[in-house]
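Visitor: With the input below, show me the fold.
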Amino acid sequence: MAHDMDALLRTLQALDDRVSALERAPRPTAEAGPAHEVGTAGVGATPGPSDTFWALDGLRARRPEHPTTEDGSVMLTGSVTLPDGTPVEWQQGAGTAGLLEVDWTDRAAALAALGHPVRVELLRHVLSGTRATADLAAIDSLGTTGQLHHHLRQLLTAGWLRQAGRGTYEVPPRRVVPLLVCLVAVER
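Guide: Numbers count the residues shown, from 1 in each chain. You can find the predicted model right below:
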């Protein structure tokens with residue numbers, strides 16, 4: 001019974017996080033310019049029947065609805081079913097007006113947290129369902145218990161992880177797709 005209640009509470013928290021994020025997320029506001037490189041649909045993507053740039057076409061189609069910005073927009077989106085069966089969908093976009101002129105240093109810590117091989121491996125294990133500290137500590141590639149706790153703190157501080165209970169961690173639903181987008185962006 002307690003396990004069912006915990007699962008229900010996690011599901012409600014995930015739904016609350018998604019609704020809050022959707023309410024805060026800026027909507028794309030501008031038409032993207034012409035592509036300078038040939039894009040690809042990516043691993044596991046399902047482009048529409050007529051065009052490799054199906055997502056870009058959707059972004060462009062929103063232009064008449066939001067005509068105030070003319071220098072472009074960027075968007076990330078994804079639909080994922082995690083190994084434990086949890087569905088995660090996310091969409092985030094922003095107009096690019098002024099984006100190149102603002103200070104990016106406040107984003108450095110979140111990016112830096114992904115800059116260590118053990119931390120990205122730790123995130124992979126958590127997303128794959130290994131969430132308890134004791135289970136994570138048993139994975140040799142994650143280092144000693146002290147090193148593991150150091151990496152967990154870094155990921156918690158940067159928002160890539162959150163505590164799901166005592167001694168358990170999860171990637172917040174609002175971070176799953178952005179994390180996977182980062183990995184796709186650096187794919188070789």
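Visitor: List the buried residues of stretch 172-188.
Guide: Of all the residues in stretch 172-188, those buried under the rule 16 or more other C-beta atoms under 10 Å are 172-180, 182. Any C-beta I mention is one placed from the backbone N, CA and C, and that applies to glycine too.
Visitor: what ranges do the strands span in the chain?
Guide: Using DSSP state E, the strands of the chain run over 73-81, 87-95, 162-165, 168-170.
Visitor: Out of the ones you listed, the one nearest T11 is which?
Guide: For the strands of the chain, the distance to T11 is smallest for strand 87-95, at 10.6 Å, taking C-beta to C-beta.
Visitor: Just the buried positions in that closest one, please.
Guide: Across strand 87-95, burial judged by 16+ other C-beta under 10 Å covers 88, 90, 92-95.
Visitor: Look up the closest residue to G72, ignoring the ones flanking it.
Guide: T96 (4.3 Å; C-beta to C-beta, 6 or more residues apart in numbering).
Visitor: Retrieve the pLDDT associated with that neighbour.
Guide: For T96, the pLDDT comes out at 82.
Visitor: Now tabulate the strands of the chain in TSV and tack on distance to D103.
Guide: Below are those laid out as TSV (distance: least, C-beta to C-beta, whole Å):
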stretch	distance to D103
strand 73-81	18
strand 87-95	16
strand 162-165	26
strand 168-170	30
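Visitor: show me where the chain has helices.
Guide: Here the chain has its helices, by DSSP state H, at 2-24, 54-61, 108-113, 117-127, 133-137, 145-158, 173-185.
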